[in-house]
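Visitor: okay, here's the prediction I keep looking at, along with the sequence it came from:
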Amino acid sequence: MKIWHLEKEKNNLLAFVYAMREKRRKNVGRSVMAIKKTLLAEKEKALIEFARKWDGWEKDYPLKLTKKEIERAAQPVSAKDINVLKGMTRNVTLYHRTQKPVKHTYHRNGITVIDERIPVERILVYVPGGKATYPSSLIMGVVPAQIAGVKHINVTTPASNGRVDPYICACCLLLGVDNLYRIGGAQAIYAFSYGIGNIPKVDMIVGPGNAFVEEAKRDVYGWVGIDMLAGPTELIILCDKTFSPGTVAWDMFSQAEHDEMAMVGFFSRSKEHIYDVLKHIEKLISFNKRQDVIEKALRQNSFMVHYTDTASAIETINTIAPEHLEYIGDRANEKELKYPGIIYTGSYTTVAMGDYYIGTNHILPTGGAGRFIGGLSVETFLRRKTLVRIDKGFLNKYGDRAIRLSHIEGLFAHGEAIKARKGL
């Protein structure tokens, strides 16, 4: 893992991060387009063939699970674990209930504008799978949609040999979700975007995924809405004081274990601190059950940064805009941290707790998108509805000015439309 010297190599560090992100896109773009082409041509047949190829299906399964199948699949989940899932759901619900916006009415002489938010009608919550199981992502996607008032919520996840993970099924029962599908990957994004066969076309797709899912979401945006580009996970840890190197190592492991394409970075004022963290990585990595994934992520996509000026480190991290930032240092600097998807501060606030039990959403922008969009929220599922009314007095007062503007812009019919209203 390379150690960068920020004050000397800032531009090179940024170029490394940008190139890594772009390489991730290029490596999957062609494959995703091939999946799309095949799916649009062969419909449901292609979905089954993709499942046989990538999910190990030995026979054909119905793409949608019945309620009885969901109940049967959830049976192995213990009562103790059900309570854990309920506790997470409660915390996520309590936090997200604070996000629903209120109706706003604007009055001025002769004009009324009513601004309110109405929910989208049909959504897909994509839940990653394959290399791990993510009931937490199901909760993070479904709960804010329910609070927003979405009527039709569909969930899909990869299913190894047709088997949907018991914890995903248990969460669906807990949340009252009946529409559960066993489709994964880019093909799932396209199926629900276009309405392939018996798969319903949705208005919006939300949820994290691997680089293939991220690229497919990028491609369908405009045909359907998406929450954000939420691809392979990213974490930067910023320490402006020495902090337990073993704890730093475990935090890095916790995000690197998601995906070999994960990006993990560590910024420290102390070279000795950096070397201590590297020693603990070597010492502790063998204790990980997903050691192979972690090693690839750390070797290919991760970095250490030595800096002397905290303001410069913060500026660089704001430019990178990673999905997650952990900051351990002077609280006076917190106001300068702006663009990571989420910012965890203090010695006790690990990303892993945010992933599960704080209640904030862990579906977050990656790839630098945090510079213009935030994480999943209730507002994600609400579109603005604006109702406008003006009276004759307003039209008479401002109509001639509007007509003049139509002439300035060379749009004759605009002016005539206003004149026609003035004559009523």
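Guide: Structure's in. What do you need?
Visitor: number of residues surrounding Leu94?
Guide: 11 (other CB atoms under 10 Å). Every residue, glycine included, has its C-beta placed from N, CA and C.
Visitor: kindly report the same for the one 10 residues further on.
Guide: Applying other CB under 10 Å, we find 11 residues neighbouring His104.
Visitor: likewise Arg72?
Guide: By the criterion of other CB under 10 Å, Arg72 has 13 neighbours.
Visitor: so it lies in a strand, does it not?
Guide: No. Under DSSP: H, G, I helix; E, B strand; the rest coil, Arg72 falls outside any strand and is assigned helix.
Visitor: any idea how far it is from Val164?
Guide: Using CB to CB, to the nearest Å, we find Arg72 at a distance of 11 Å from Val164.
Visitor: what domains does the record give for the protein?
Guide: With domains defined by automatic domain parsing, the chain comprises 2-26+232-355, 43-227+378-383, 391-422.
Visitor: okay if I get these as JSON lines plus mean pLDDT and distance to Thr366?
Guide: Converted to JSON lines, the domains of the chain look like this (pLDDT from 0 to 100; distance: least, CB to CB, whole Å):
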{"stretch": "domain 2-26+232-355", "mean pLDDT": "95", "distance to Thr366": "5"}
{"stretch": "domain 43-227+378-383", "mean pLDDT": "96", "distance to Thr366": "7"}
{"stretch": "domain 391-422", "mean pLDDT": "96", "distance to Thr366": "41"}
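Visitor: looking at the ones you listed, which is nearest to Asn361?
Guide: Distance to Asn361, taken as CB to CB, is lowest for domain 43-227+378-383 among the domains of the chain, at 5.2 Å.
Visitor: so which of the domains of the chain gets nearest Arg371?
Guide: Among these, the nearest to Arg371 by CB to CB is domain 2-26+232-355 (4.7 Å).
Visitor: just the endpoints, please. Distance across that closest one?
Guide: Across its full length, domain 2-26+232-355 reaches 28 Å between end residues, using CA to CA, to the nearest Å.
Visitor: run the chain-centre distance for it.
Guide: Its chain's average C-alpha position is 19 Å from that of domain 2-26+232-355, according to CA atoms, centre = their mean, to the nearest Å.
Visitor: and the longest helix for this protein?
Guide: helix 6-42 (DSSP state H).
Visitor: for it, packing partners?
Guide: strand 2-5, helix 44-54, helix 185-194, helix 211-220, strand 263-268, strand 303-306, helix 310-320 (3 or more CB pairs under 8 Å, 6 or more residues apart in numbering; DSSP states H and E).
Visitor: neighbours around the spatially closest residue to Leu94 that is not a sequence neighbour, how many?
Guide: Residue nearest to Leu94 in three dimensions, not counting chain neighbours: Gly359, with 6.0 Å by CB to CB, 6 or more residues apart in numbering. Residues lying near Gly359 (other CB under 10 Å) number 19.
Visitor: distance from the chain centre to the longest helix of the chain, please.
Guide: Worked out by CA atoms, centre = their mean, helix 6-42 lies 17 Å from the chain centre.
Visitor: what residues sit buried inside it?
Guide: For helix 6-42, the neighbour count (16 or more other CB atoms under 10 Å) marks 6, 9-10, 13, 17, 20-21, 24-25, 28, 32, 35-36, 38-39 as buried.
Visitor: how about stretch 318-329?
Guide: Across stretch 318-329, burial judged by 16+ other CB under 10 Å covers 318, 320-329.
Visitor: which one of the residues you listed is nearest Leu94?
Guide: Top of the list for closeness to Leu94, among the buried residues of stretch 318-329 and by CB to CB, is His324 at 21.8 Å.
Visitor: can I assume the closest one is in contact with Ala230?
Guide: No. Between His324 and Ala230 there is no contact under CB atoms under 8 Å: 11.9 Å.
Visitor: show me the contacts for the residue nearest to Ile317 when sequence neighbours are not counted.
Guide: Closest residue in space to Ile317, ignoring its immediate chain neighbours: Ile236 at 5.6 Å, by CB to CB, 6+ apart. Counting by CB atoms under 8 Å, 6 or more residues apart in numbering, Ile236 makes contact with 264-267, 317, 320, 322, 324-326, 340.
Visitor: distance to Glu282 added to those, as JSON lines?
Guide: Listed next are the contacts of Ile236 as JSON lines, based on distance: CB to CB, whole Å:
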{"residue": "Val264", "distance to Glu282": "15"}
{"residue": "Gly265", "distance to Glu282": "18"}
{"residue": "Phe266", "distance to Glu282": "14"}
{"residue": "Phe267", "distance to Glu282": "20"}
{"residue": "Ile317", "distance to Glu282": "25"}
{"residue": "Ile320", "distance to Glu282": "26"}
{"residue": "Pro322", "distance to Glu282": "24"}
{"residue": "His324", "distance to Glu282": "23"}
{"residue": "Leu325", "distance to Glu282": "25"}
{"residue": "Glu326", "distance to Glu282": "21"}
{"residue": "Pro340", "distance to Glu282": "27"}
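Visitor: now, among those residues, which is nearest to Leu278?
Guide: The closest of the contacts of Ile236 to Leu278 turns out to be Phe266 (CB to CB; 9.2 Å).
Visitor: roughly how far apart are that closest one and Glu7?
Guide: 17 Å.
Visitor: same deal with Glu44?
Guide: Computed as CB to CB, the Glu44 to Glu7 distance reads 57 Å.
Visitor: how about Gly399, secondary structure?
Guide: helix.
Visitor: surely it meets Glu416?
Guide: No. Gly399 lies out of contact with Glu416 (CB under 8 Å); the separation is 11.7 Å.
Visitor: neighbour count: these two, which is higher?
Guide: Set Gly399 next to Glu416 and count neighbours by other CB under 10 Å: Gly399 wins out with 17 against 12.
Visitor: which residues of the chain fall in strands?
Guide: Per DSSP state E, the chain has strands spanning 2-5, 104-108, 111-119, 122-126, 152-156, 179-181, 204-206, 225-226, 234-239, 263-268, 303-306, 324-328, 342-345, 382-390. These are given in chain order.
Visitor: can you list the buried residues in the last one?
Guide: Judged by neighbour count using 16+ other CB under 10 Å, the buried positions of strand 382-390 are 382, 390.
Visitor: for that strand, packing partners?
Guide: Contact here means 3+ CB pairs under 8 Å, 6+ apart; on that basis strand 382-390 packs against strand 111-119.
Visitor: can I get the CA coordinates of the strand it packs on in CSV?
Guide: Output of strand 111-119 as CSV, limited to C-alpha atoms (Å, rounded to 0.1, in the frame of the first residue of the first chain):
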residue,chain,number,x,y,z
ILE,A,111,-50.6,34.8,-6.9
THR,A,112,-50.7,31.6,-5.0
VAL,A,113,-48.1,28.8,-5.2
ILE,A,114,-48.6,25.5,-3.3
ASP,A,115,-45.5,23.4,-2.9
GLU,A,116,-45.8,19.9,-1.5
ARG,A,117,-44.1,16.5,-1.9
ILE,A,118,-45.9,13.4,-3.1
PRO,A,119,-44.4,9.9,-3.2
